[in-house]
Structures are given as structure tokens and as C-alpha cells.
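# heads up, no residue letters with this:
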């Protein structure tokens, strides 16, 4: 599958928000957060989209401070999963920030995402008990180090 990764634009927000709601339901970020990210030029925050045949099929949001990347959200439409879009989005965010280390959290039950993250160098660091509320579930915190970054 061919798709491009590009910066999220203000006009992308409705499509990105629909993906967010369909993937995360009750835990979805508010629409206002995506509007802010699409207009942010600080260099600390980034929101990227995966686009296929003119349609947004996925997105990633993250921020990087002092060499530490935090991936806040990554989602791909169900019908486009396991085709490389999430991997490409993460790679693009890593290239953008060139971090020393990166962190993300994932639902304990989301084994497919954990498998993806492990395959690209993330490893489990700890568990946040009852982090998610709908339904109540633990979050697995995962970390990746780059180059000479200390643990």
C-alpha cells in the first residue's frame, strides 16, 4: 500500500477526530486538542497524518522535550491496519525529533499494538494500574532508547 506521511493541517481535523473516536471511543481526546495541534508551530508538539489516495487513514501526535519523545496517540482506521501506516507514522515522528528516548502507553489488552511497538524497539517498563476508565484497565508504559541514550 502506498501512503504519504505529512503534517496535520487544520482542514484534516474532522477526519482525524473521526478516527480518534472510532479507535478510542470513551477515551477519545477532545476535538479542541486536535485543533490546537494542527495549528501548533512550536517545534515541541507534532501531529502527522497518513494519507492514502487523498484520504486520511491514520495519525500520530507527540511531543519532545529535552530529547524525550512522548507519543500521545497513534491510530489507524481499522481497514488499513497491519499495512505499515502506524510503523511509518512512528518512524516519521522519530525522524522529526531525533529523540534520545521515547515513551508511550498502551492498554494492557491491546496486544496487537504492543506487538507492533515491541517489533520497532519499544519494551515494557512498568504498569499503571487502572489507568484507563472506560473500561477500567491497566496501561503498559513502553520505552525505546536511541543510540547512546541512558536507560
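Looks like it came in fine. Just so we're clear, the structure is a prediction, and the values are computed from it rather than from any experiment. Residues are numbered from 1 along each chain as shown.
# quick one: low-confidence parts of this structure?
148-151 (pLDDT under 70).
# again, only using 90
Counting by pLDDT under 90, the chain contains low-confidence ranges at 1-3, 24-31, 33, 35-46, 53, 132-135, 147-151.
# Please name the residues that touch the one residue sitting closest to the centre of it.
For the chain, residue 74 is the residue whose C-alpha lies nearest the centre (CA atoms, centre = their mean; 2.5 Å). By CB atoms under 8 Å, 6 or more residues apart in numbering, residue 74 lies in contact with 58, 59, 60, 61, 86, 89, 90, 104. Any C-beta I mention is one placed from the backbone N, CA and C, and that applies to glycine too.
# what number of residues lie near the last one?
By that I understand residue 104. 21 (other CB atoms under 10 Å).
# To which secondary structure element type does it belong?
Local secondary structure at residue 104 is given as strand here, using DSSP: H, G, I helix; E, B strand; the rest coil.
# Quick check: the gap between it and residue 69.
9 Å (CB to CB, to the nearest Å).
# Same check on the third one?
Taking CB to CB as the criterion, residue 60 is separated from residue 69 by 11 Å.
# same thing with residue 53?
29 Å.
# swap in residue 117?
Separation of residue 117 from residue 69 (CB to CB) stands at 13 Å.
# Same check on residue 45?
11 Å.
# quick one, which of those two is more surrounded?
More crowded of residue 45 and residue 69, by other CB under 10 Å: residue 69, with 23 against 16.
# Show me the beta-bridge partners of the more buried one.
Beta-bridge pairing for residue 69 (DSSP bridges): residue 64, residue 102.
# picking up where we left off before, which neighbours do residue 60 and residue 69 have in common?
Common contacts of residue 60 and residue 69 (CB under 8 Å, 6+ apart): residue 93.
# Walking through this structure, point out its helices one by one.
Per DSSP state H, the chain carries helices over the ranges 13-24, 31-38, 85-97, 111-119.
# and the last one, how far out from the chain's middle?
For helix 111-119, the separation from the chain centroid amounts to 13 Å (computed by CA atoms, centre = their mean, to the nearest Å).
# before we move on, back to that, what's the separation between the residue nearest to the centre of the chain and residue 91?
On the measure of CB to CB, residue 74 and residue 91 end up 11 Å apart.
# Kindly report the same for residue 57.
On the measure of CB to CB, residue 57 and residue 91 end up 16 Å apart.
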